[in-house]
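In: 3D, please:
(one chain, ligands or ions: 1)
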Amino acid sequence: MLKHGGYAKGILDFSVNVNPCVTQALLMPYMEEAVGEIGRYPDILGNSLVEKIAETEKISVDHIIVGNGASDCLYTCARALKPQTVLIIEPTFTEYRRAFEGVGSHVLSLSINLSEHPDSIEEKLIHQIRKIKSDMVVLCNPNNPTGGVYSEAFIEQIIKIQASHKGFVLIDASFRQFEGLPTYFDEKRWNLIVLMSLTKYYGVPGLRCGYLMATKSVIMAMKEHQVPWSVNSLALEVMPRLIEDKELNKATQEWYQAEKSKMVKALSDLSFTKPMKSHANFICCRLSNVSGYDLNQWLLKQVPPMALRTCDDFVGMGDAFIRIGLKDALSNDRLIEALKHYEEEVYG
Ligand SMILES: Cc1ncc(COP(=O)(O)O)c(C=O)c1O
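Out: Model (predicted):
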């Protein structure tokens, strides 16, 4: 059953991870121009957007497919490749499991011990990946919900290990832009598939848009399985404008630097939240002496009501973690004030 995707209007919603710099005022002129296109069918494969992405990623259009969000690309990929065994590095975004189980794949979790040092985590993962020889390894980089990243050496190594038995590696790089991290995509790497959401960095989850980069044969197989007109006319018109918007990019980077460091410091200063090192626009915290569920319930009763992402449905996390998506400065300050208030109320 689907569980998350945000709370109702009127709730200050920190459970979502989208860029708040993309405002209605910024979108409106782009939307108004795009409305004229609604009376026509969009291009069946979204080719104008494919071209824009090819230009920014500096790769050929043959290596790209666009879809109705990264989720749509993920499900199309699962239908096209139907891998027999899929290894997912967890805890991570829950849709990978649903997508591959939906096409009959045998899905295994490789769970990370979040208390361990990254070097030893990677060493153990390599050992397991080499041993299991799955048809597909899935990882998220930066990872949702922890915000952690894998080392370049680790990624290079698993691509090599997987290639040695004709297996794929799927990297979800949907949150990479906040810190300008690489996708690792290279036209010569036949077994690397990179998934990218455009709804996070460009703050448009309701518009739905994402893409996937892979070798030509994978893209061709996906086109055979894709629902036609997957990217709507509004997204086809608006997305290239957002991608080109240098002012938006600058504002996003300034907001990200300022709010991220402010929130990490504020959360470290509280006695019951321990922020994990994050490379994305959200911060995962380990809680002490309170469950994520209870804290969220308490926040929902405040004025204004607020919500966090509880993490109990992520494999290996349980209820001792929460994830906070960064919002505008004022909203972030309100959350910190509320958490300080909670600290006083509960711990005196
Ligand atoms: C890691 C990750 N990948 C993909 C998605 C889906 O993105 P989209 O809105 O483009 O379908 C999400 C959504 O939360 C996500 O967290």
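
In: nearest residue to whichever residue of the stretch 201-348 of the chain sits closest to the ligand other than its sequence neighbours?
Out: Per C-beta to the nearest ligand atom, residue 210 is where the stretch 201-348 of the chain lies closest to the ligand, at 3.8 Å. Placement of C-beta: from N, CA and C, glycine included. Spatial nearest neighbour of residue 210, excluding adjacent residues (C-beta to C-beta, 6 or more residues apart in numbering): residue 70 at 3.4 Å.

In: just residue 305 next, same as before
Out: Counting by C-beta to C-beta, 6+ apart, the residue nearest residue 305 is residue 11, at 4.9 Å.

In: got the contact list for the one you found?
Out: The neighbours of residue 11, taking C-beta atoms under 8 Å, 6 or more residues apart in numbering as the test, are 300, 304, 305, 306, 307.

In: what residues does the stretch 1-150 of the chain put near the ligand?
Out: 69, 70, 71, 93, 140, 144 (C-beta under 6 Å from any ligand atom).

In: ok now do residue 338, which residues does it touch?
Out: 299, 302, 306.

In: mind listing what's buried in the helix or strand hosting it?
Out: Under the criterion of DSSP states H and E, residue 338 resides in helix 329-347. Neighbour-count burial for helix 329-347, counted by 16 or more other C-beta atoms under 10 Å, picks out 331, 332, 334, 335, 336, 338, 339, 342, 343.

In: same check, this time on stretch 273-290
Out: Residues 273, 275-276, 278-287, 290 are the ones in stretch 273-290 that count as buried (16+ other C-beta under 10 Å).

In: What mean pLDDT does that stretch get?
Out: Averaging pLDDT along stretch 273-290 gives 96.

In: What is the end-to-end distance of that stretch?
Out: Terminal residues of stretch 273-290 lie 10 Å apart, using C-alpha to C-alpha, to the nearest Å.

In: hang on, the earlier thing: buried by neighbour count, from the contacts of residue 11: which ones?
Out: Buried among the contacts of residue 11 by 16+ other C-beta under 10 Å: 306, 307.

In: Make CSV out of the contacts of residue 11 and add secondary structure and pLDDT.
Out: Shown next, in CSV, are the contacts of residue 11 (DSSP: H, G, I helix; E, B strand; the rest coil; pLDDT from 0 to 100):
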residue, secondary structure, pLDDT
300, helix, 96
304, coil, 93
305, coil, 96
306, strand, 97
307, strand, 97
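
In: ok, residue 83 - how many residues close by?
Out: Residue 83 is flanked by 22 other residues according to other C-beta atoms under 10 Å.

In: per-residue confidence for it?
Out: For residue 83, the model assigns a pLDDT of 98.

In: Equivalent analysis for the one 4 residues further on, please.
Out: Here, the pLDDT recorded for residue 87 equals 98.

In: That one contacts residue 108, doesn't it?
Out: Yes: using C-beta atoms under 8 Å, residue 87 is in contact with residue 108, at 5.2 Å.

In: ok, those two, which is more surrounded?
Out: The neighbour comparison of residue 87 against residue 108 (other C-beta under 10 Å) goes to residue 87, with 26 against 14.

In: Name the helix or strand for that one, please.
Out: Element membership for residue 87, per DSSP H and E: strand 85-90.

In: Now do the buried residues in the next helix or strand after that strand.
Out: Per DSSP H and E, the first helix or strand lying C-terminal to strand 85-90 is helix 95-101. By neighbour count on 16+ other C-beta under 10 Å, the buried set for helix 95-101 is 95, 96, 97, 98, 99, 100.

In: same deal with stretch 130-149?
Out: By 16+ other C-beta under 10 Å, the buried positions in stretch 130-149 come out as 134-149.

In: State the distance from the residue of the stretch 1-150 of the chain found nearest the ligand to residue 21.
Out: When scored by C-beta to the nearest ligand atom, the stretch 1-150 of the chain has residue 69 as its residue closest to the ligand, at 2.7 Å. Per C-beta to C-beta, to the nearest Å, residue 69 is found 20 Å from residue 21.
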